[in-house]
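1. with the input below, show me the fold.
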Amino acid sequence: MSKPNELCRGCYQDYYNQNRPGGCWLLKNAKRVHRTKVGTWQNPPYKWKPQATLHCHRPQGSVWIEADDPRIRG
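-> This is a model prediction of the structure:
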């Protein structure tokens, strides 16, 4: 199953590997998951809806929280 490279956008690994042939080395085995992205400066409870991302995605300046985390209130 191929994964869209747009899910890599903003990832720390993609930033450093975007000029490599094939891009990020983690993409081949990446799994699509639903998580909520929150800023490192924000306090719970989080009211954002989960969104599709890859399990290996590491954003800069924010973190992913699992969709079933009790700190997420929708």
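
2. bridged to the closest residue to residue 10 other than its chain neighbours, which residues?
-> Among residues not flanking residue 10 along the chain, residue 59 sits closest, at 5.2 Å (Cβ to Cβ, 6 or more residues apart in numbering). Glycine gets a C-beta too; all of them are placed from N, C-alpha and C. Bridge pairing for residue 59 (DSSP bridges) gives the partners residue 11.

3. pretty sure residue 59 contacts residue 13?
-> No - taking contacts as Cβ atoms under 8 Å, residue 59 lies outside contact range of residue 13: 10.3 Å.

4. quick one on the thing from earlier: who are the contact partners of the residue nearest to residue 10?
-> By Cβ atoms under 8 Å, 6 or more residues apart in numbering, the contact set of residue 59 is 10, 11, 12, 37.

5. try it again with 10 Å
-> 9, 10, 11, 12, 15, 37, 38, 39, 40, 53 (Cβ atoms under 10 Å, 6 or more residues apart in numbering).

6. pLDDT check: weakest of those residues?
-> In terms of pLDDT, the weakest of those is residue 15, which scores 57.

7. how about the helices in the chain?
-> 12-17 (DSSP state H).

8. now do whichever strand in the chain runs longest: everything it contacts.
-> Counting by DSSP state E, the longest strand found in the chain is strand 32-39. Residues from elsewhere that reach strand 32-39 (Cβ under 10 Å, 6+ apart): 1, 3-4, 7, 10, 44, 46-57, 59, 61-69, 71-72, 74.
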